[in-house]
Each structure stands twice: as C-alpha cells, then as structure tokens.
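Asker: 3D model of this:
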Amino acid sequence: MKNTSSLWWIRVPVIFFLIFGTMEYFIDSGDQPAIIAYPITQFFMLMVLILLIAIELILSSIETVMFQTLSEEAKERYLSSKSKKWEWTWGKRTYQKMLGSKPIEAEGEIVLDHNYDGIRELDNKLPPWWVYMFYASIVFAIIYMLRFHVFNDYDQALEYEQEVAAAQLEIEDYKKTAKGLVDVNTVELLVDTSDITAGEKIFQSNCVACHMADGGGGIGPNLTDDYWILGGGIKNVFHTISEGGRDGKGMIAWKQTLKPVEMAQVASYILTVINGKTAANPKAAEGDIWVDPNAPVNEIPEQVSDTTSVVMN
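Answerer: Prediction:
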C-alpha cells in the first residue's frame with residue numbers, strides 16, 4: 001500500500017528542525033547555542049522527536065486499518081489518487097529542463113559524424129544552470145568594476161583599517177570587564193566582596209611581612225595614612241605592586257608571581273580596607289600626600305605632589 005506514511009522521513013525532520021529553530025530563536029543563551037547552554041533542551045528535543053515518530057506511527061496504523069475496510073474498487077481508486085497526488089511531475093520536469101540533456105532515446109538527433117574507434121560524439125549543449133551562472137558572473141563583474149574601479153568605493157586597505165579599528169574597540173571594551181586582562185591603564189577599583197576577600201588573602205600571604213597585618217608598616221611603609229612614596233590611587237598602587245618599588249630599596253615586582261586580577265584585588269583591598277584605618281603601631285609617614293586628580297576642586301588640599309599620570313620608578 002502506498003500512502004502518506006511513506007513521506008514520514010520528510011515530515012519528521014522538517015517539523016523537528018522548525019521546533020529546534022524556534023527554540024534557539026526565543027531562548028537567550030548568549031554566544032552558545034541553547035541546546036548546549038541548557039542541557040534540559042536536549043531532553044526536550046528528544047521528547048519532541050519521539051513524539052513526532054509516535055504520531056507518524058499512529059497515523060500510519062489508522063490509515064492501514066481504514067484502508068482494509070474499503071472495498072476492492074475503493075482501494076484501487078484510493079491508491080490511484082494517492083499516486084497522482086504525490087507524483088512530483090513539476091519537479092522532474094524542471095530538473096530535466098535545467099539539466100538540458102537529451103534522453104537516451106533522443107540521442108540520435110544530436111549525434112555527430114565523428115567516429116573514434118566506434119565512439120560517437122554528441123552535440124550536447126551546455127547545461128542551462130551553468131549558462132545562467134556564467135551570465136550572472138558577467139553581471140557581477142560589471143557591477144564590481146563600476147563600483148570599485150570607476151566610482152572608487154572602499155578598497156581592501158580601507159576595509160582592513162576599518163576592521164582593525166572596530167576590533168580594537170571591541171578589545172578595549174572587553175578588557176574593561178575582563179579582570180584577568182587588566183593593566184595599569186585599564187585597572188579599576190574593585191568593590192565586590194569576593195574581590196576584597198581575595199585581596200585580603202593575598203595581602204595576608206605576601207604583604208604582612210613588610211607592611212604588618214594591619215598595614216601599619218614595618219620594613220615597608222605605612223599603608224594606613226595618606227602619604228605615598230610612589231603615588232596613591234588604584235592605578236599607582238597597581239603599578240607599584242606590578243613593577244616594584246624604588247630601585248635597590250623598594251618592594252620587589254610581583255608581576256611574575258601574581259596575576260593581573262590578583263594585583264587588582266590586593267590593591268583594592270589596601271585602598272578600601274587598609275588605607276584610613278588606625279594601625280596598632282603605625283610607622284612614620286613617608287612620601288607625600290596623594291590627592292585623587294579626579295576629586296572635586298573644593299576637596300583638594302593645598303599640598304598636592306602627584307600628577308594625573310602613573311608615577312614611574
């Protein structure tokens with residue numbers, strides 16, 4: 001029996017991928033496909049596939065049962081109507097037209113007189129699809145020539161520069177939010193509890209030997225007051241931790257030991273927790289008072305000894 005169930009292999013994939021595409025369109029999963037970002041969607045699509053197959057099996061069974069209830073004459077009419085309904089005559093005719101080849105029965109009309117040891121040559125024309133693509137390439141070439149060589153639209157060098165500039169902007173934006181890629185120019189003061197807690201652990205592990213647990217200073221300077229040898233603020237403190245203190249007598253450079261995000265965390269811990277607190281045995285002030293250059297004018301005291309740039313050794 002030839003029935004509509006013979007087309008299940010078309011209906012099931014089409015409906016399945018329509019549902020899959022709809023799911024991917026409406027579920028916001030960022031850069032990843034929803035089926036990867038949310039494993040539950042894999043189970044959902046599996047259930048959809050099983051349901052579609054079950055529906056096809058049920059429809060096929062119902063159609064078979066109903067077919068058996070028909071008389072022989074009705075069965076013949078039914079099969080005949082199905083055969084005509086699903087015969088893809090238009091598609092076959094279009095395919096043959098685009099192919100442009102002669103059927104074997106008509107090859108005698110295009111055979112040439114050339115004979116090579118019994119091998120005859122046919123005068124086949126180029127397939128229409130190939131000819132149309134060739135014409136399309138000519139049209140494309142004319143448009144391309146007019147656009148880029150006559151009217152001097154953008155060239156490859158300009159396109160490259162635009163792409164590089166756009167990529168550079170994207171990189172800069174990414175660096176602002178990627179803690180692991182911060183440097184002295186992009187570092188910002190971290191205020192999240194997790195970052196401050198991480199900075200405290202780093203300080204207790206690496207800095208207390210010179211600056212004391214409360215930051216009052218020992219071998220190293222006092223971190224609780226407003227005096228800074230190499231400048232205060234997140235950028236200067238980050239730079240000092242990264243590159244080290246004064247040559248020959250300052251702190252070592254920690255950039256080989258700590259990651260950029262770790263240096264940003266410990267610098268933020270110093271500025272938000274240590275700086276400004278009262279130390280048990282504070283060391284005498286060293287350096288000069290540092291004032292944030294971005295602070296309002298009426299909050300800047302008379303003694304200003306730092307500039308807006310990062311203080312270098």
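Asker: just the helices from the protein, written as ranges.
Answerer: 8-26, 34-37, 40-68, 72-85, 89-99, 128-145, 156-177, 193-206, 208-211, 233-243, 260-269 (DSSP state H).
Asker: for the second one, list the C-alpha coordinates in PDB.
Answerer: Going back to what we said before, that points to helix 34-37. Written as PDB, here are the backbone C-alpha positions of helix 34-37 (Å, rounded to 0.1, in the frame of the first residue of the first chain):
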ATOM      1  CA  ALA A  34      20.700  27.000  23.700                       C
ATOM      2  CA  ILE A  35      20.900  23.200  23.300                       C
ATOM      3  CA  ILE A  36      24.500  23.400  24.600                       C
ATOM      4  CA  ALA A  37      24.000  26.200  27.200                       C
END
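Asker: just checking, what packs against that helix?
Answerer: helix 8-26, helix 40-68 (3 or more CB pairs under 8 Å, 6 or more residues apart in numbering; DSSP states H and E). No exception for glycine: its C-beta is placed from N, CA and C like everyone else's.
Asker: excluding its backbone neighbours, what's nearest residue 36?
Answerer: residue 29 (7.7 Å; CB to CB, 6 or more residues apart in numbering).
Asker: let me have the helices of the chain in a markdown table, extended by distance to residue 292 and mean neighbour count.
Answerer: Listed next are these as a markdown table, based on distance: least, CB to CB, whole Å; neighbours: other CB atoms under 10 Å:
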| stretch | distance to residue 292 | mean neighbour count |
| --- | --- | --- |
| helix 8-26 | 47 | 13 |
| helix 34-37 | 42 | 15 |
| helix 40-68 | 49 | 13 |
| helix 72-85 | 81 | 11 |
| helix 89-99 | 74 | 10 |
| helix 128-145 | 56 | 11 |
| helix 156-177 | 20 | 10 |
| helix 193-206 | 19 | 16 |
| helix 208-211 | 22 | 16 |
| helix 233-243 | 6 | 22 |
| helix 260-269 | 14 | 24 |
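Asker: then stretch 168-176 to CSV, C-alphas only?
Answerer: What follows is stretch 168-176, C-alpha atoms only, in CSV (Å, rounded to 0.1, in the frame of the first residue of the first chain):
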residue,chain,number,x,y,z
GLN,A,168,40.5,47.4,18.7
LEU,A,169,37.4,49.0,20.2
GLU,A,170,35.9,45.6,21.0
ILE,A,171,39.2,44.5,22.6
GLU,A,172,39.2,47.7,24.8
ASP,A,173,35.6,47.2,25.8
TYR,A,174,36.4,43.5,26.7
LYS,A,175,39.4,44.5,28.7
LYS,A,176,37.3,46.8,30.8
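Asker: who touches it?
Answerer: 181-183, 186, 188 (CB atoms under 8 Å, 6 or more residues apart in numbering).
Asker: neighbour-wise, which of the residues you listed leads?
Answerer: residue 182 (20 neighbours; other CB atoms under 10 Å).
Asker: domains in the protein, by residue range?
Answerer: As given by automatic domain parsing, the domain ranges for the chain are 1-68, 193-299.
Asker: what mean pLDDT does the longest one get?
Answerer: If you average the pLDDT over domain 193-299, you get 88.
Asker: just how off-centre is it within its chain?
Answerer: 37 Å (CA atoms, centre = their mean, to the nearest Å).
Asker: again with the shortest one
Answerer: A distance of 28 Å separates the C-alpha centroid of domain 1-68 from that of its chain, computed with CA atoms, centre = their mean.
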